[in-house]
Structure formats: C-alpha cells, structure tokens
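> have a look; sequence and predicted model below, questions after that.
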Amino acid sequence: MPPPSLALLLLGLLASSVAPGCAPADPTPDDEPSTPAPAMALVDEAAERGLDFVQDGQQGQPTLSHGGVVATDLDGDGDIDILIGRRSPDDTLTYSARLPLVLSNDGTGHFTAVDIGISVGSFSIEDSVDFAAVDTTGDRLPELYLFGRGFVAEVKNLGGLAFGDPTFLVEPNPEAPVVMNTLAFGDLDGDGDLDLVVPTLGLWDGTEAQPQGDQLPGLPASVPHLVLLQGPDGWAQVDGLTSPGYSQMAIMTDRDGDGDQDLFLVAEFGNHPEATRSAFYRNEGGTPPVLENDAGLVGADLEVGGMGIDSADLNRDGTLDYCIAQFGPPVCIASFGDGSWVQSERAWGLWLPGNPPLDQPPQWSAYSLELADLENDGWPDVAIIAGNPAPNDDGDTHQDRLWMGGPGPTFVDVTDDVGFGDPRKHFGMAAADFDADGLLDLVVTGAEGSPVLWMNHGSDGNWIEVELEGPGRNAEGHGAQVMVRAGGASQLREQLNLRSLGQGPARLHFGLGAATEIEAVEVLWPDGLLWTYDPPLPGAVVRLRHPDAR
C-alpha cells in the first residue's frame, strides 16, 4: 500500500476544534474557570506494590542527585519495568554503588527489585549517576546509558534483565569534569541508527555558586554540547552545534514534519545575564548533519530554567506544541500555523495559585513534566513535580501540581481535589500503564522519602496504545509521529525518550473518550516515510511496523 502524501496528512490533522494560531486571550484572575470534578482517581500504592524503600539524599544546583526515573519494558515481556536512581547514606560512593535500581513488573503492576549484575570495577566518581534506557541495537531490548560529571557509558542489554559491562562513550576526565544531567536520542543523520546529543551545564569546580546580595551567582565555564553519531563501527563524536550555552534538557523532535530530527535545546538558568536563550536547531541534513539555530525566528528562544519537557498537539492544528517545566510557572509554546510558536500557557490556564504577574514568578522549582491523558477523554492533562533546589531547605512551597485538560485546550488546577500536592523533593516522573488496565499511572521519585506510585482508577474513557517497530537500529521508532483520528478529532504524539529526569515507555497512549471506533492511524517515520494503517480496535496495545522492519 503506497503512503499518502504529506499534504493529505496535514489536511486530516487540521480538522481541529481550534483554528491554527487562534489561542484565547490571556485570562485575568476573575476569568479563572471553576474546577470540575476530576474524572480520575489517583491512589499512592507504592508501598504495597514493591516501592517501599527510602530515597533520602541531598540535592543542589548545578547538579542533581539520584532523582531520575525510567519506565520501560526492559526484558521484552510486554509489561513496564522501572529504573530508579539511588544513593547511599554516607555520600562517599564508588561508581558501582550508584547504579540505578531495577524493579521488575510481574504484569499486574507489582514490582520486585532485581540485581542486574553490572560490573564496573573500581572507578570512582564524586557525583550522581543518571540514566536512560533506549534500544540502540535493534533487538527491542533497551540498553542502559549512564552519565554524570564528565562521562557517558553504554551498557548492553543481554536479555532476561542481564546486562554487559559498561563501555565509555565519553571518557571521564577528573581534571575537567563536565556536568551532564541528561541525554537525547534520535536519528540526526538519517542513516537509520540512533544518535546521541549530550547537553552540558558547564565545568564543575567543586563549589556551589552562591548569590551576593541581589546579584545572581556566576555560572561555571561553558562547554560545548556533545553530538555523538552512531554508525556501523560504533559511536563517533562530531562538531555540530553553533553555541555552547547551558542546558540540562533536550529532545530530538521533528518540529516541521519533514521526516528528519530537529533538536530543541532548552536553556537553563533562566534570564541569567551570562546564559544564552533556548536554541531550536533545524536539521538541514547531511553527515554530519547541518544544524541551524533559528529559535529567535520561530518564537522558541525562551528565557527559562528548563528542567522537564513534553510535546503533543494540544491545540489540534496538526503541529506539535511543547510544554516546559522550569523555575516558576510552566511555559508552553503553541504552534501558530506558519512554522512558528507563541507562548500560550497563561491563555490555556496553566498558572499557579495567586496568578502571579508575568514578571514575578513564584519561588517554585519544577522538574519533570508529563502531558498524559489520565482521564482518557482525548485531552492531555499536565502533571509537574517539584522540589526545593536548596540542599537543606524543608519549605513546603515546592508542591507537585496537576492540571486537568479540556477542549481549547484549557487546563484547570485539580491538585488539591486529587491530593497530588506532595511538598517533598521530587525530581523524576514517568507516565505508564503499569497494571495494564488502560489507564496511565505516574511514578514519582526524588531525594526525600519513598517513591510515589500514583495508580489511576476511575475513568471509563476508551483508549489505545501504540508501539512502533522501526527498521534497523531504531526498532522502538524514536522520533516517529503518530496521528490517531477517532470521534471526528485528530491527536498527534511523538515517540520521545529521556526528557531530563524522566523517561516513559516506548509506547504512545491516546485517550479516545466516548469514541468506540478509530477512523484512521498514520505514522510519519523518522526516515520521512508516511504510512497509513488499518484502524485497530480501541482498548488494546497495538504494534505498527515500518514496511522495512525485520
């Protein structure tokens, strides 16, 4: 079956309840919508499901400490396992002691800790080991990627929750340790293999920057972000980014639907005079790829302290929108219909209690963000977790928050209604259907107390989850975009991986509301192939194969 044209896909996607670029006017405090009764019921069931351990540990900028979480199918058995960061009480650890904890899912959303048997020798480090889990070999078993100050290591997945020994992709350099708090995977050069971008936060000199009076603290020396391309002979570092900047968050995303992976490199340190704004690199192709930063031309040169990100077509105009968690209220840029974006979070209702003026953000330090349809009504909700960045501050102003999404889009804060406002230090979050009941759950981790496992009960909306089977060494389909049309409305999501400190499974979840059948499903694959599939039945996890998948 030949693929339809991109124009046909865009025509289908443009059937929207909101015209492109027509966001509602900024609300005033008097316009704040009344809170509807949430259709979801979230219950913390961490203790009874096997997450009954403590994660206590310090955290301070510009580094994070063991607050990350990954939810993915590590052993290929069809259910979603969990990896959680950890540290020991004395804070003087060897590399091996800082490996993430693996929790194996029994298929019902109950977990057992597993010793994955990684041997890393006696190499010592002085800071956290963060991690991602992405299949880069094409066998649908995710490799582990460990990273921290000055190093990135790859650990091959051998199957059965067994792993090989780490291989360094970026060798540790104790003399000049570069702070690296996240990774981003995607096929930058279009060869079918996943590549890697490592944002950098500067050189670590062993001290925490402290403000002097009203002055912002100085920033560490900037270091170029790293680009590693994967080829037949392994990984090779190449030049590719025009400015170093400071960042601990990036995603590879096909922002313009042309079938190649662009790079959104979100700024850290907000409006600090020494920092640069967010960069959005348009991929012009080639090997190595030519990446052009045109963020200032498309409305993405944001002055934010970005800590978490997710994408979805929130305004249903056929183009992805992006929401970012930061220091202060979230920032969302909505597609404007002409290849550009405009900030729309306040127009959509994403503000904090008190609705602070735009130039006076509250003291709220947010980290992971999920655009997850918890109600299965077809409109993503916004969950953001937060934690005080000061190592020893026990204040309760950094509460987790949850907004319920609706048509428009509009968002209503339901944090208090569902008891989501935990004030503990939380950094990592992932959304996944852990108990296979068709409802997205949330796992939340941090550096204080036990993890939280929000199990989702109560919604009766229809749903479908899509797994992708891509060709070559991108078998999980990272970078692909999936359009599902049901009930006369189109939804567009993109297969992402690690998004700062949280990573969800290689599945895309679509709530369908009252729709009882799916009208169309289309996939724009990372190689540019647009393919239409026979509409599946709702209420199942379906796998869509690229025509060249083996």
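Thanks, I have the structure now.

> so Ala347, which state does it fall into?
helix (DSSP: H, G, I helix; E, B strand; the rest coil).

> okay, it and Leu402: tell me how far apart.
Distance, Ala347 to Leu402, using Cβ to Cβ, to the nearest Å: 19 Å. For glycine as for every other residue, the C-beta is placed from the backbone atoms N, C-alpha and C.

> for the two, indicate the residue with more neighbours.
Leu402 (28 against 18; other Cβ atoms under 10 Å).

> do I have it right that that one meets Asp416?
No - using Cβ atoms under 8 Å, Leu402 is not in contact with Asp416; the gap is 9.4 Å.

> report the contact partners of Leu101.
Phe53, Leu83, Ile84, Gly85, Arg86, Ala113 (Cβ atoms under 8 Å, 6 or more residues apart in numbering).

> one more time with 7 Å
Leu83, Ile84, Arg86, Ala113 (Cβ atoms under 7 Å, 6 or more residues apart in numbering).

> can you get me a residue count around the last one?
For Ala113, the neighbour count with other Cβ under 10 Å is 14.

> okay, it and Phe131: tell me how far apart.
16 Å.

> in stretch 414-432, what counts as buried?
For stretch 414-432, the neighbour count (16 or more other Cβ atoms under 10 Å) marks 414-415, 418, 420, 422-432 as buried.

> hey, where'd the helices end up in the stretch 401-550 of the chain?
415-418 (DSSP state H, counting those that start in this stretch).

> which parts of stretch 153-170 are buried?
Within stretch 153-170, judged by 16+ other Cβ under 10 Å, the buried ones are Ala153, Glu154, Val155, Lys156, Asn157, Leu161, Phe163, Pro166, Leu169, Val170.

> start to end distance for that stretch?
Start-to-end span of stretch 153-170 (Cα to Cα, to the nearest Å) is 7 Å.

> residue contacts, the nearest residue to Gly479 once chain neighbours are set aside?
Distance criterion Cβ to Cβ, 6 or more residues apart in numbering; nearest residue to Gly479, sequence neighbours excluded, is Pro526 at 3.9 Å. Residues counted as contacts of Pro526 (Cβ under 7 Å, 6+ apart) are Asp187, Gly259, Gln261, Asn474, Gly479, Ala480.

> how close does Leu544 sit to Gly461?
Going from Leu544 to Gly461 by Cβ to Cβ gives 22 Å.

> one more: Gly296?
The separation that Gly296 has from Gly461, given Cβ to Cβ, amounts to 40 Å.

> and if you look at Pro100?
On the measure of Cβ to Cβ, Pro100 and Gly461 end up 33 Å apart.

> could you do Asp139 as well?
For Asp139 relative to Gly461 (Cβ to Cβ), the value is 34 Å.

> more neighbours, those two?
Gly461 (20 against 15).

> next, the contact list for the residue lying closest to that one once chain neighbours are set aside, please.
The shortest distance from Gly461 to any residue other than its chain neighbours is 3.0 Å, reached at Asn376 (Cβ to Cβ, 6+ apart). Counting by Cβ under 7 Å, 6+ apart, Asn376 touches Leu439, Ser459, Gly461, Asn462, Trp463, Gly511, Leu512, Gly513.

> quick one: pLDDT of the second one?
Okay, so that is Ser459. Here, the pLDDT recorded for Ser459 equals 85.

> that one and Asp373 touch, don't they?
No - between Ser459 and Asp373 there is no contact under Cβ atoms under 7 Å: 9.2 Å.

> more crowded one of these two?
Ranked by neighbour count (other Cβ under 10 Å), Ser459 and Asp373 place Asp373 first, with 26 against 22.

> show me the contacts for the more buried one.
Trp379, Pro380, Asp381, Leu440, His509, Gly511.

> can you name the residues that contact His310?
Not quite, residue 310 is Asp, not His. Shown in contact with Asp310 (Cβ under 7 Å, 6+ apart): Cys323, Leu369, Glu370, Leu371, Arg499.

> quick one, phi/psi of the closest residue to it other than its chain neighbours?
Distances taken as Cβ to Cβ, 6+ apart put Leu371 closest to Asp310, at 4.3 Å, once the chain neighbours are dropped. Here is the backbone geometry of Leu371 (degrees, to the nearest 10): phi -100, psi 90.

> ok, now how distant is Leu371 from Pro380?
From Leu371 to Pro380 the distance is 4 Å (Cβ to Cβ).

> now swap in Gly446 and tell me
Counting by Cβ to Cβ, the gap from Gly446 to Pro380 is 23 Å.
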